[in-house]
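Visitor: Using only what follows, build the 3D model:
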Amino acid sequence: MSVFTSVERAEPDNTHEIMRLLVNTAEWLLSKGSTQWNALLRGEDSHNTPEAVNRGEVYIFRDDGKAAGMVILLPEPNAWDRDLWGERTDERPAIYVHRLAINRNYSGRGAGRQMMQWIETAVPALGRDVIRLDCLANNSVLNSFYSGLGYDLIGNASNSYGAFNKFEKVISS
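Guide: Below is the predicted model of the structure:
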């Protein structure tokens with residue numbers, strides 16, 4: 001049974017709701033001892049989420065109108081992606097997944113898996129057949145999650161935020 005009743009492309013008037021979800025997620029991560037997304041707590045957003053909303057790259061997963069989750073799907077690599085993925089960004093066009101966040105009221109119900117499945121069905125309509133994402137190399141839960149969904153570990157990279165594992169999946173049409 002689906003956790004979500006709808007998925008919609010975010011509009012500019014959804015920006016506050018989206019940022020609140022991201023900050024709540026960052027606060028939860030911090031409460032679990034993780035510094036992932038800590039910059040959001042200082043008002044810094046390395047993925048410039050409001051601009052991504054304006055470009056139509058943010059999707060909200062809703063449950064009867066409530067924001068249950070969100071994700072950014074970039075059809076072109078941003079500076080973060082180019083830094084982590086290097087020359088691979090030029091090899092084959094891909095969708096880059098960023099800021100997958102789940103309202104904590106929906107955790108433990110398969111929401112993350114359902115969001116990733118939706119992304120896999122949406123990517124061909126966005127003109128791509130490859131999905132790329134990264135996560136902290138030391139987050140064993142996330143690494144296992146993506147591997148368990150059939151994403152291939154392509155390698156790792158580091159930047160000023162830490163060490164990251166890079167995952168990729170080719171979607172058959």
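Visitor: show me where the protein has helices.
Guide: Ranges of helices in the chain, per DSSP state H, are 15-31, 38-41, 49-54, 79-85, 88-91, 111-122, 140-148.
Visitor: Nearest to Asn159, out of those helices?
Guide: Of all the helices of the chain, it is helix 79-85 that lies closest to Asn159, at 5.6 Å by C-beta to C-beta. In this view, the C-beta of every residue, glycine as well, is placed from N, C-alpha and C.
Visitor: looking just at contacts, which helices and strands does the closest one meet?
Guide: Counting contacts by 3 or more C-beta pairs under 8 Å, 6 or more residues apart in numbering; DSSP states H and E, helix 79-85 packs against strand 130-136, strand 152-159, strand 162-170.
Visitor: related to what we said a few turns ago, ok, of the helices of the chain, where does mean pLDDT dip lowest?
Guide: Among the helices of the chain, helix 88-91 carries the lowest mean pLDDT, a mean of 84.
Visitor: in it, what's buried?
Guide: For helix 88-91, the neighbour count (16 or more other C-beta atoms under 10 Å) marks Arg88, Thr89 as buried.
Visitor: Stretch 35-53 too?
Guide: Buried-residue list, stretch 35-53, by 16+ other C-beta under 10 Å: Gln36, Trp37, Leu40, Asp45, Ser46, His47, Thr49, Pro50, Ala52, Val53.
Visitor: Reformat the residues you listed into CSV and put distance to Ser172 next to each item.
Guide: Formatted as CSV, the buried residues of stretch 35-53 follow (distance: C-beta to C-beta, whole Å):
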residue, distance to Ser172
Gln36, 31
Trp37, 32
Leu40, 35
Asp45, 34
Ser46, 32
His47, 28
Thr49, 31
Pro50, 34
Ala52, 27
Val53, 30
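Visitor: Among those, pick out the one closest to Pro93, please.
Guide: Using C-beta to C-beta, Ala52 comes nearest to Pro93 of the buried residues of stretch 35-53, at 18.0 Å.
Visitor: which of the helices and strands packed on helix 79-85 sits most buried?
Guide: Among those, strand 130-136 has the highest mean neighbour count (mean count of other C-beta atoms under 10 Å), at a mean of 21.
Visitor: Please list the outside residues in contact with it.
Guide: Strand 130-136 is contacted from outside by 34, 36, 81, 84-85, 88, 92-98, 100, 119-120, 123, 142-143, 146, 151, 154, 157, 162-171, using C-beta atoms under 8 Å, 6 or more residues apart in numbering.
Visitor: quick one: terminal-to-terminal distance for stretch 112-132?
Guide: Stretch 112-132 has an end-to-end distance of 16 Å (C-alpha to C-alpha, to the nearest Å).
Visitor: Appreciated, that's everything.
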